[in-house]
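Peer 1: predicted model and sequence follow; I will ask about them next.
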Amino acid sequence: MSGKDGVMEEEELKPQPNWHAMNREEVFAELELPEDHRLKGLTAEEAAARLEKYGRNMLSGKAKKTLLMKIWEQVANVLVGILLFVAAISLVRVFTNDPVTNGIQVGIIVGVIVINTAIGIIQEGSAEKAAEALKAMLSADAIVVRDGTETKVPADEIVPGDVVALSLGDRVPADLRMIEVVQLACAEAALTGESVPIDKTVDKIESEDPKAVPLGDRYNMCFSATLVAQGSGVGIIVATGDNTEIGTINQLVNKVEDQKTAVLEQIDNVSKWLAFFIVITAIVAFLVSFFTTDKADRDWLESLSVALVCAVAMIPEGLEAIVTVSYAWAVSNMAEKNAIIRALPAVETLGSVTTICSDKTGTLTKNEMSLVAWVTSNARYKVDTD
């Protein structure tokens, strides 16, 4: 169920009945509706009570990361920690010795950290964008029967039991069990991948195992976020929000965990080993600088500065930037071959793919028909679709 702000709550969704395997009377009984519900619909009081019970008709989402959380994720590693420590020591030396040199060093270190952090923040967020894209597919409003009259209400206020009227061009606002259809067909490519609209009926689906019936074969159901391609019809809402079929997809998208590619994991391993050797080298440099100096001239801060200079010299500050540039170069090469890649690290994964299996072209196309050419008695014309 969605929270007030659409943030996903830790609550298991209840299993849905097999609505497609029920007749009209069984559906009404399951939803506790009277026999004349088609004409009267829900009352305002009943709708309010069901809204309180089932929640708003909206897809839930993860709690979004704040900017500070994103920044912390980018800087919480050993090499950045060493850089920050060096910057802190250099900042102290700005006020004690050679402010110009140490000030420049602080500026360079902070600049490198800021640039790398900005690059990392810009690249992340693909799962969030996918979830937002699903939410954008939902209808904004719906025509329902309330208190005996048809009225338009915001789609997030409809509830299970509402009577919904569909017509050509409408986006289905929730999962519906159809009770009236007039040459109704829905484009369900978003769910099933079928490029051809599915004709709808009102009869229940006979099956020995109702749960095994594919979504594309549930001809008496209309699903949330699909489009009415022809005809009209009336249905009873049986599921809203995350309980819909599109809501199930949304739940899976929200559960996607960020995984690092092999290259990024190798970079992490290299960073840890580098950090180990850098620390050892810095300690040795400090000891050599401190104990090889005459006792009268020994300055632990100066020796520490020498050690830190050695440490900074060994840190590959531009490592992440180099990887990003390499990814960008690969994406550019792929684009020249008409392969568009949205996330830079996906180049590495795509490069290891040997075979792509697909059962139909409908899952790979936009499911939109566009005019590309037409012929008259005089000539043939082409349309630039780019």
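Peer 2: Yes, it's here.

Peer 1: who touches Ala185 in this structure?
Peer 2: Pro197, Ile198, Asp199, Lys200, Val228, Ala229, Gln230, Gly231 (Cβ atoms under 8 Å, 6 or more residues apart in numbering). The C-beta positions use only the backbone N, C-alpha and C, and glycine is treated the same way.

Peer 1: how would you label the closest residue to the third one other than its chain neighbours: helix, strand or coil?
Peer 2: The spatially closest residue to Asp199, leaving aside those adjacent along the chain, is Ala185, at 4.9 Å (Cβ to Cβ, 6 or more residues apart in numbering). Classification of Ala185 by DSSP: H, G, I helix; E, B strand; the rest coil places it in strand.

Peer 1: coming back round to it: drop anything exposed from the contacts of Ala185.
Peer 2: Pro197, Ile198, Lys200, Val228, Ala229, Gln230, Gly231 (16 or more other Cβ atoms under 10 Å).

Peer 1: using PDB, list the CA coordinates for the helix or strand containing the fourth one.
Peer 2: For Val228, the enclosing helix or strand under DSSP states H and E is strand 227-239. Once side chains and other backbone atoms are set aside, the C-alpha atoms of strand 227-239 remain, and they are given as PDB (Å, rounded to 0.1, in the frame of the first residue of the first chain):
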ATOM      1  CA  LEU A 227      -5.000   2.100 -23.500                       C
ATOM      2  CA  VAL A 228      -8.400   1.700 -24.900                       C
ATOM      3  CA  ALA A 229      -7.700   1.200 -28.600                       C
ATOM      4  CA  GLN A 230     -11.300   0.800 -29.800                       C
ATOM      5  CA  GLY A 231     -14.900   0.500 -28.500                       C
ATOM      6  CA  SER A 232     -16.200   1.200 -25.000                       C
ATOM      7  CA  GLY A 233     -17.100  -0.700 -21.900                       C
ATOM      8  CA  VAL A 234     -17.900  -0.700 -18.200                       C
ATOM      9  CA  GLY A 235     -16.000  -2.500 -15.500                       C
ATOM     10  CA  ILE A 236     -15.700  -2.900 -11.800                       C
ATOM     11  CA  ILE A 237     -12.500  -1.900 -10.100                       C
ATOM     12  CA  VAL A 238     -11.000  -5.000  -8.500                       C
ATOM     13  CA  ALA A 239      -7.500  -3.700  -7.700                       C
END
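
Peer 1: which strands or helices does that strand pack on?
Peer 2: On a contact count with 3 or more Cβ pairs under 8 Å, 6 or more residues apart in numbering; DSSP states H and E, strand 227-239 meets helix 24-30, strand 163-166, strand 175-187, strand 221-222.

Peer 1: the stretch 51-200 of the chain: helices as residue ranges?
Peer 2: Secondary structure of the stretch 51-200 of the chain by DSSP state H, counting those that start in this stretch: the helices cover 67-75, 78-94, 99-123, 126-136, 189-192.

Peer 1: adding mean neighbour count, write the ones you listed out as TSV.
Peer 2: Formatted as TSV, the helices of the stretch 51-200 of the chain follow (neighbours: other Cβ atoms under 10 Å):
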stretch	mean neighbour count
helix 67-75	13
helix 78-94	18
helix 99-123	15
helix 126-136	14
helix 189-192	19
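
Peer 1: hmm, back to that, report the mean confidence score over the strand holding Val228.
Peer 2: Across strand 227-239, the average pLDDT comes to 94.

Peer 1: so what's Gly351 up against?
Peer 2: Ala330.

Peer 1: nearest to Asp384, out of the helices and strands packed on strand 227-239?
Peer 2: strand 175-187 (25.8 Å; Cβ to Cβ).

Peer 1: only the buried residues of that closest one, if you could.
Peer 2: So strand 175-187, judged by 16+ other Cβ under 10 Å, has buried residues Asp175, Leu176, Arg177, Met178, Ile179, Val181, Leu184, Ala185, Cys186, Ala187.

Peer 1: average pLDDT across it?
Peer 2: 95.

Peer 1: show me what that strand pairs with in its sheet, parallel or antiparallel.
Peer 2: strand 198-199 (antiparallel), strand 221-222 (antiparallel), strand 227-239 (antiparallel) (DSSP bridges).

Peer 1: now the element after the last one, going C-ward?
Peer 2: So the one you mean is strand 227-239. Sequence-wise, the next helix or strand downstream of strand 227-239 (DSSP H and E) is helix 245-254.

Peer 1: what about that next one, distance to the chain center?
Peer 2: 10 Å (Cα atoms, centre = their mean, to the nearest Å).

Peer 1: coming back round to it: mean pLDDT for the helices of the stretch 51-200 of the chain: which is lowest?
Peer 2: Across the helices of the stretch 51-200 of the chain, helix 126-136 gives the lowest mean pLDDT, at a mean of 58.

Peer 1: helix or strand next in line after the helix or strand hosting Ser332, which one?
Peer 2: Secondary structure assignment for Ser332, by DSSP H and E: helix 319-336. Sequence order places helix 346-351 as the next helix or strand after helix 319-336, per DSSP H and E.

Peer 1: then that following helix to PDB, C-alphas only?
Peer 2: Listed next in PDB are the C-alpha coordinates belonging to helix 346-351 (Å, rounded to 0.1, in the frame of the first residue of the first chain):
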ATOM      1  CA  ALA A 346      26.000  -0.400 -19.200                       C
ATOM      2  CA  VAL A 347      28.600  -0.300 -22.000                       C
ATOM      3  CA  GLU A 348      30.800  -2.800 -20.100                       C
ATOM      4  CA  THR A 349      27.900  -5.200 -19.500                       C
ATOM      5  CA  LEU A 350      26.800  -4.900 -23.100                       C
ATOM      6  CA  GLY A 351      30.300  -5.600 -24.300                       C
END
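
Peer 1: tell me who's in contact with the residue nearest to Pro214 when sequence neighbours are not counted.
Peer 2: Distances taken as Cβ to Cβ, 6+ apart place Thr192 nearest to Pro214, at 7.4 Å, with adjacent residues excluded. By Cβ under 8 Å, 6+ apart, the residues touching Thr192 are Ile198, Pro214, Leu215, Gly216.
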